[in-house]
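Undergrad: I'll drop the sequence and a predicted model, then ask my questions.
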Amino acid sequence: MIRFLKHSASSYKPLKLNEKYQYARQHTIRIYQSNAIYSFIPKNACSTMRTSIAYANGCIDSTEDFNWIHKNNQTFNAELSDLIGADYTFTILRCPFARLASIYLDKIVSRDRVAWIFYDLIDRKIELEHISFARFVQKLTNNIVKNGDQHWRSQVDFMIYKKYDDYFCLENFAEVVTTLKAKIDLEIIDARNLTNHGLDKLKLVDDDYSQVKPAKIFKLKQEGCCPSPKSLYNDELVEIVSKLYQDDIEMYQDVIEQPQLMFEV
């Protein structure tokens, strides 16, 4: 079976100078014992997956060493021969609407270092304390901003193959756990308690939070609550995101058997 690469023929430059290919390759992780390739996408359970694979690859033996993964994003990157000769390939997708909401609630609201990257990408024209979800989305209509960081870059850009053996979705993560154990004997280590990225321990509240400033949302989170991801959107923002991430939405609908999009498009 030939594994055809997605971006290799997009440029006639030497492959090492093919930016699209190299970007996708730098987001591959090789799982050595099973000769498997995983394409990781930020905000799609990638901390859980990178922790699990670092353990499987023998580089950490305790969750106490969790932060090792943040300094080793490219340690297990696949080379061309690895990609073509892989025995198993997979990736994990996420509803584009939910992924963008997660990025905002996690990175922008908390003023994480990623928020400062966003601040620089918009030329510091809006102070971080004024970046509501609506403003965040509106700024992504600038391609320089949209492609400026991996956390909100389109999921299609991370695809190294034209076709994977398995496409999973974050919305059905239980399938990831059982399938990877069955197919490649990979034990999944849940890293949510280590990263504090998830909303599973917060009470989700519904209202119109599309224009609410991040400081108010941050205070809400400190009190044990959080806007539901859906409450960040209004009709205008749904339309904008539908257009900005049209390729992601189409890919998600094409390869996920029971797609669970937050909004009908």
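TA: Happy to help now that I have it.

Undergrad: for the closest residue to Ile69 other than its chain neighbours, give me its contacts.
TA: Residue nearest to Ile69 in three dimensions, not counting chain neighbours: Arg50, with 4.3 Å by Cβ to Cβ, 6 or more residues apart in numbering. Every C-beta, even on glycine, is put in place using the N, C-alpha and C of the backbone. Arg50 makes contact with Ile29, Phe40, Ile69, Asn73, according to Cβ atoms under 8 Å, 6 or more residues apart in numbering.

Undergrad: isn't the second one right up against His27?
TA: Yes: judged on Cβ atoms under 8 Å, Phe40 makes contact with His27 at a distance of 5.5 Å.

Undergrad: can you give me the neighbour number for the closest residue to Tyr55 other than its chain neighbours?
TA: The shortest distance from Tyr55 to any non-neighbouring residue, by Cβ to Cβ, 6+ apart, is to Ile189 (6.1 Å). The burial count assigned to Ile189 is 19, neighbours taken as other Cβ atoms under 10 Å.

Undergrad: so, low pLDDT: which residues of the stretch 151-265 of the chain?
TA: Low-confidence regions of the stretch 151-265 of the chain, defined by pLDDT under 70, span residues 193-198.

Undergrad: go again with 50.
TA: Counting by pLDDT under 50, the stretch 151-265 of the chain contains no low-confidence segment.

Undergrad: strands of that one, start to end?
TA: According to DSSP state E, counting those that start in this stretch, the stretch 151-265 of the chain carries its strands in the segments 166-169, 203-205, 225-227.

Undergrad: can you add secondary structure and give the contacts of Arg50 back as JSON lines?
TA: JSON lines is the format used below for the contacts of Arg50 (DSSP: H, G, I helix; E, B strand; the rest coil):
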{"residue": "Ile29", "secondary structure": "strand"}
{"residue": "Phe40", "secondary structure": "coil"}
{"residue": "Ile69", "secondary structure": "helix"}
{"residue": "Asn73", "secondary structure": "coil"}
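
Undergrad: which of the residues you listed has the most neighbours?
TA: Among the contacts of Arg50, Ile69 has the most neighbours (other Cβ under 10 Å), with 25 neighbours.
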